[in-house]
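Asks: show me how the following folds:
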Amino acid sequence: MKPYRVALIGTGGIVGSHLEAIAAMGERVELVAAVDTNATRLEAVCAQTGIAHAYTDAAAMLAAEQPDLVHILTPPATHLPLILAALDAGAAVWCEKPLCRSLAEFDEIAAAEARTGRYVSTVFQWRFGSAVEHLRKLAGEKLLGRPLVATCQTLWYRDAAYYAAPWRGRFASETGGPTATLGIHLMDLLLWLWSEWEEVHALAATLDRPIEVEDVSMALVRFESGALGSIVNSALSPRQESYLRLDYQHATAEVKTLYRYANADWRFTPLPGETGDALAAAWQAIPCDRIGSHTAQLTLLLDSLDRGKRPLVSGIEARRIVEFIACLYKSAFTGQPVARGSITPGDPFYASMNGVSYAE
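Replies: The predicted structure is shown next:
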């Protein structure tokens, strides 16, 4: 089969994860070009990795190289125009999070997908580790019972130097604070594992950084199943940790890590007794130990492209977290609980995460 021609737009800090994933694909892909407005950084990445064609203009690259798949690794405010340009050039897109800055932008992407017949997927590599895959299997087989209580904590630390980048710290250019940029991974995982949510009630504050966006948020969420969850997203926590705890009727599954997890980062505690012993054995029967990584997600993305099917974490699977974050922010700004499906065109939080036009 002819390899997919792949191009990178953006060569910043996350580029190493994408290069690692592309290298792992072997002959399935051909990395043909990279784009960055920072010519020095671009040249260094191309020289290090042997990328033949370097561009400082994305439109010129798309016209000249005609890639099959474009990886977008740029700041959030640039995602929408780059996605639309790539789709119109005939490429599928794999974009770093946050995919877009609002529900309005997401729906514009969805319309472009329908117009071009190409798909846009976003990076949520936490979904693709073997432990999560196994947990979903056990839950799907009804072995765990109903989900009841969730604790989802992204407790990270980002100092003033981090926010010194000119695009960080503002809703128009970054989309939001740790809610939209740091905790998005773990929240997406929670929402994916526990299906549809119903209502969110949130607080957000800027406590210790000279920025427009929040540096901490807290939320309570009710799921359609009746389960309840608590969420904390922080950029202020010196002892950094990502922690997800899921209490089902018959067992607790929890992961404590930072940026990646392996099977050993998970702890599984069934209720005691004969049924619990059987459930513990079922958990221990994880068939492999695969880290939730860009490599794991790219493998399945290419499989979807092979079949001409929508990739995972696109369409409704990508929209869920965008809507949840919009509702969380609306709740934090208004002081009222916000229901899923309630933010529609005409609502100020449909067009931006803080309810203020990005043009203002």
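
Asks: contacts and neighbour counts: CA atoms only from here.
Replies: Will do.

Asks: where in the stretch 251-360 of the chain is pLDDT low?
Replies: Applying pLDDT under 70 to the stretch 251-360 of the chain flags residues 360.

Asks: helices of that one, start to end?
Replies: Assigned by DSSP state H, counting those that start in this stretch, the helices in the stretch 251-360 of the chain fall at 274-284, 294-307, 316-334, 348-351.

Asks: residues contacting the nearest residue to residue 4 once chain neighbours are set aside?
Replies: Residue nearest to residue 4 in three dimensions, not counting chain neighbours: residue 29, with 4.6 Å by C-alpha to C-alpha, 6 or more residues apart in numbering. Listed by C-alpha atoms under 8 Å, 6 or more residues apart in numbering, the contact set of residue 29 reads 3-6, 22.

Asks: dump those into TSV; add secondary structure, distance to residue 344 and pLDDT as well.
Replies: Formatted as TSV, those follow (DSSP: H, G, I helix; E, B strand; the rest coil; distance: C-alpha to C-alpha, whole Å; pLDDT from 0 to 100):
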residue	secondary structure	distance to residue 344	pLDDT
3	coil	41	95
4	strand	37	98
5	strand	37	98
6	strand	35	98
22	helix	38	98
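
Asks: how close does the residue positioned nearest the centre of the chain sit to residue 259?
Replies: Closest to where the C-alpha atoms of the chain average out (C-alpha atoms, centre = their mean) is residue 124, at 3.8 Å. Going from residue 124 to residue 259 by C-alpha to C-alpha, to the nearest Å gives 12 Å.

Asks: roughly how far out does the longest strand seen in the chain sit from the chain middle?
Replies: Scanning the chain for the longest strand, with DSSP state E as the assignment, gives strand 236-248. The chain centre lies 17 Å from the centre of strand 236-248; the measure is C-alpha atoms, centre = their mean, to the nearest Å.

Asks: packing partners for it?
Replies: strand 147-157, helix 184-193, strand 251-257 (3 or more C-alpha pairs under 8 Å, 6 or more residues apart in numbering; DSSP states H and E).

Asks: now do the longest one and strand 251-257, the angle between them.
Replies: Okay, so that is strand 147-157. On the basis of axes from the mean of the first three to the mean of the last three C-alpha atoms, to 10 degrees, strand 147-157 is oriented at 10 degrees to strand 251-257.

Asks: give the rounded mean pLDDT of the helix or strand just after strand 147-157.
Replies: Downstream of strand 147-157, the next assigned helix or strand under DSSP states H and E is helix 171-174. Mean pLDDT, computed over helix 171-174, is 97.

Asks: send me helix 171-174 as CSV with only the CA atoms.
Replies: Provided in CSV are the C-alpha atoms of helix 171-174 (Å, rounded to 0.1, in the frame of the first residue of the first chain):
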residue,chain,number,x,y,z
PHE,A,171,-8.9,33.4,26.1
ALA,A,172,-8.6,34.6,22.6
SER,A,173,-5.3,33.0,21.9
GLU,A,174,-5.0,30.1,24.4
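
Asks: and the following helix or strand past it, what other elements does it pack with?
Replies: Reading on from helix 171-174 to the C-terminus, the next helix or strand found by DSSP H and E is helix 178-181. When contacts are defined as 3+ C-alpha pairs under 8 Å, 6+ apart, helix 178-181 sits against strand 216-223, strand 228-234.

Asks: of those strands, which is nearest residue 156?
Replies: Smallest distance to residue 156 across the helices and strands packed on helix 178-181 (C-alpha to C-alpha): 5.7 Å, for strand 228-234.

Asks: only the buried residues of the closest one, if you could.
Replies: Buried residues in strand 228-234, counting neighbours by 16 or more other C-alpha atoms under 10 Å, are found at 228-234.

Asks: in its sheet, which strands sit next to that strand, and in what direction?
Replies: strand 147-157 (parallel), strand 216-223 (antiparallel) (DSSP bridges).

Asks: want to throw those strands into TSV with mean pLDDT?
Replies: Listed next are the strands paired with strand 228-234 as TSV, based on pLDDT from 0 to 100:
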stretch	mean pLDDT
strand 147-157	98
strand 216-223	98
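
Asks: distance to residue 196 for those strands - can I get that in a markdown table?
Replies: A markdown table is the format used below for these (distance: least, C-alpha to C-alpha, whole Å):
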| stretch | distance to residue 196 |
| --- | --- |
| strand 147-157 | 12 |
| strand 216-223 | 6 |
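
Asks: how about the ones you listed in CSV, adding mean neighbour count?
Replies: Formatted as CSV, the strands paired with strand 228-234 follow (neighbours: other C-alpha atoms under 10 Å):
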stretch, mean neighbour count
strand 147-157, 21
strand 216-223, 20
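
Asks: and the nearest residue to residue 89 once chain neighbours are set aside, how many neighbours?
Replies: With C-alpha to C-alpha, 6+ apart as the criterion, residue 89 has its nearest non-adjacent residue at 6.4 Å, and that residue is residue 62. Counted with other C-alpha atoms under 10 Å, residues neighbouring residue 62 total 23.

Asks: can you tell me the helix or strand for residue 62?
Replies: Using DSSP H and E, residue 62 falls in helix 58-65.

Asks: is it possible to get CSV of the helices and strands packed on helix 178-181 that adds distance to residue 297?
Replies: As requested, the helices and strands packed on helix 178-181 are exported to CSV (distance: least, C-alpha to C-alpha, whole Å):
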stretch, distance to residue 297
strand 216-223, 26
strand 228-234, 24
